[in-house]
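Peer 1: Would you be able to build a 3D model of this:
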Amino acid sequence: MKTDSKLCRFVFASPWLLLIFLVIPLLVVLRFSLHVDIPFANSKYPLLYNNVCFSLLCALRFLYYLLSMKKEIRYGSGKGVPRQSVEIKSQIETVRSSLTGSGFVFDASGKYGEKRDFGYPGTMLLYAGLCFVLFTGTLDNMFQFSGTLLDGVGVATNLNKIESYQRVSTGPFATKPTNLPKMRIVRQYFPSTTYPRGATEVAFHFSDGKEQQVILNPSDFFRAGAYDINMTKMVYEPRLAIKINDLNQVFNCQVKLNQIVTKENGYGFYGTFVEGVIEVKVYYQPEKSLLRVIMNQREKQLLDTELLFQVDRFSRSGNFSIMCERMGVWSEIYVVHRRHMSMILLGGILAVIGLLMRIIYRPQRVWLEEALEGCRVRWVGKVTHRFLKAADK
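Peer 2: Coordinates of the predicted model:
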């Protein structure tokens, strides 16, 4: 394959090829942000394969630029030939001699020349950084394990059992954890000024008999071998029973209440459910154990009442009766295999430095052609253009 062929330039230099690898990430973003049902976007493997191919392309381009570093002609005459040209009165030999004196190097034909620039190693550094980021991230995804569970005060939970988790996400080469400690929740803290999103006091029991007690909140991680453990949020789960005229049951099950960013009328937790054409909204204020239940039928409000849990277990409003049988108080615990974030950050820094070098230092290249009264010149780069204008005077 000729190094200046169109296929070679497309694979090793064209920015359009890179855009292909943005399609699948864009589809994933559209699916999760706009809830658009897009085929294949709900699977983790297309994104993984996309990143593998992208990292291989970056590695290939890095090697291509690295092997050309020692060459006198790096870009080649067939790449990016400009349309603009200017005819100057000097002969081609005179122009070439002047350009050579200012640092330009010409190929064997003597009609194409380029000047060494820092943008070229910048491009090489850009691809090296991207390859480092993508390869490290892909490797982490292949061996990734993450699990989420709801747990409350009580007996110890074995984090090595997959059955302990409500949701588990794994990479194709991941193995289930075997060295995680058992976790026992000692105490749960309501959201307050000290713990805005709540906190959980946890005792970890290790296989060697040691025990460590820590307070987890959404901003802290507990390191256990290759895994990080943290509490993502507090979850309240009341079991509500709603009846009409004490006979017709509208709803009877548990409602999951998650913390809301900004409190609404003092209520910090909220959940909703729909039963046919009836929508029920539930608010909870843990500081006062106060529940608020709002029930709507399309645009019509049927019910808006409050009750104190464990005081007003049974409440009546009009022909509706509401009973809160029990309240589950859970800590959502997230267990994840630690990623190599420092290496990803390093690769990102290298890529940014390379990109800045490429932006600041642009290529300086010329194409010389014989003309009737001198020489016709095509150029790339402002520095080269200024030199040609000065040489034509």
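
Peer 1: Please parse the protein into its domains.
Peer 2: The record's domain split for the chain, according to automatic domain parsing, is 1-71+118-143+342-359, 73-115+362-393, 145-234+332-341, 235-328.

Peer 1: ok, now which ones touch residue 365?
Peer 2: Neighbouring residues of residue 365 by Cβ atoms under 8 Å, 6 or more residues apart in numbering: 75, 80, 112-115, 379-381, 384. C-betas here are computed from N, CA, C, even on glycine.

Peer 1: Kindly report the same for residue 257.
Peer 2: Neighbouring residues of residue 257 by Cβ under 8 Å, 6+ apart: 235-238, 269-271, 282-284.

Peer 1: 10 Å instead?
Peer 2: Contacts for residue 257 (Cβ atoms under 10 Å, 6 or more residues apart in numbering) come out as 234-238, 267-272, 282-284, 286, 291, 327-328.

Peer 1: how about the helix or strand encompassing residue 240: buried residues?
Peer 2: Secondary-structure element containing residue 240, defined by DSSP states H and E: strand 227-244. Of the residues in strand 227-244, those with enough neighbours to count as buried (16 or more other Cβ atoms under 10 Å) are 227-231, 233-238, 240, 242-243.

Peer 1: strands paired with it, and their directions?
Peer 2: As defined by DSSP bridges, the strand partners of strand 227-244 come to strand 222-224 (antiparallel), strand 248-254 (antiparallel), strand 257-264 (antiparallel), strand 320-337 (antiparallel).

Peer 1: Please work out which of those is packed deepest.
Peer 2: Among the strands paired with strand 227-244, ranked by average contacts under mean count of other Cβ atoms under 10 Å, first place goes to strand 320-337 (a mean of 19).

Peer 1: Can you name the element that comes right after that one?
Peer 2: Per DSSP H and E, the first helix or strand lying C-terminal to strand 320-337 is helix 341-360.

Peer 1: who does that following helix touch, helix- and strand-wise?
Peer 2: Other elements packing on helix 341-360 under the criterion 3 or more Cβ pairs under 10 Å, 6 or more residues apart in numbering; DSSP states H and E are helix 119-142.

Peer 1: ok so, going back, compare the mean pLDDT across the strands paired with strand 227-244 and name the weakest.
Peer 2: Set side by side, these differ in mean pLDDT, and strand 248-254 is lowest with a mean of 77.

Peer 1: gap between that one and the chain center?
Peer 2: Distance, stretch centre to chain centre, for strand 248-254: 40 Å (Cα atoms, centre = their mean, to the nearest Å).

Peer 1: Which parts of the stretch 151-300 of the chain are strands?
Peer 2: Remark: strands of the stretch 151-300 of the chain, listed N- to C-terminal, are 157-158, 167-170, 182-189, 199-205, 211-216, 222-224, 227-244, 248-254, 257-264, 267-275, 278-285, 290-297, 300-308; assignment by DSSP state E, counting those that start in this stretch.

Peer 1: and those as a markdown table, adding distance to residue 332?
Peer 2: Compiled in a markdown table, these are given as follows (distance: least, Cβ to Cβ, whole Å):
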| stretch | distance to residue 332 |
| --- | --- |
| strand 157-158 | 13 |
| strand 167-170 | 10 |
| strand 182-189 | 11 |
| strand 199-205 | 9 |
| strand 211-216 | 11 |
| strand 222-224 | 15 |
| strand 227-244 | 5 |
| strand 248-254 | 15 |
| strand 257-264 | 9 |
| strand 267-275 | 13 |
| strand 278-285 | 16 |
| strand 290-297 | 20 |
| strand 300-308 | 25 |
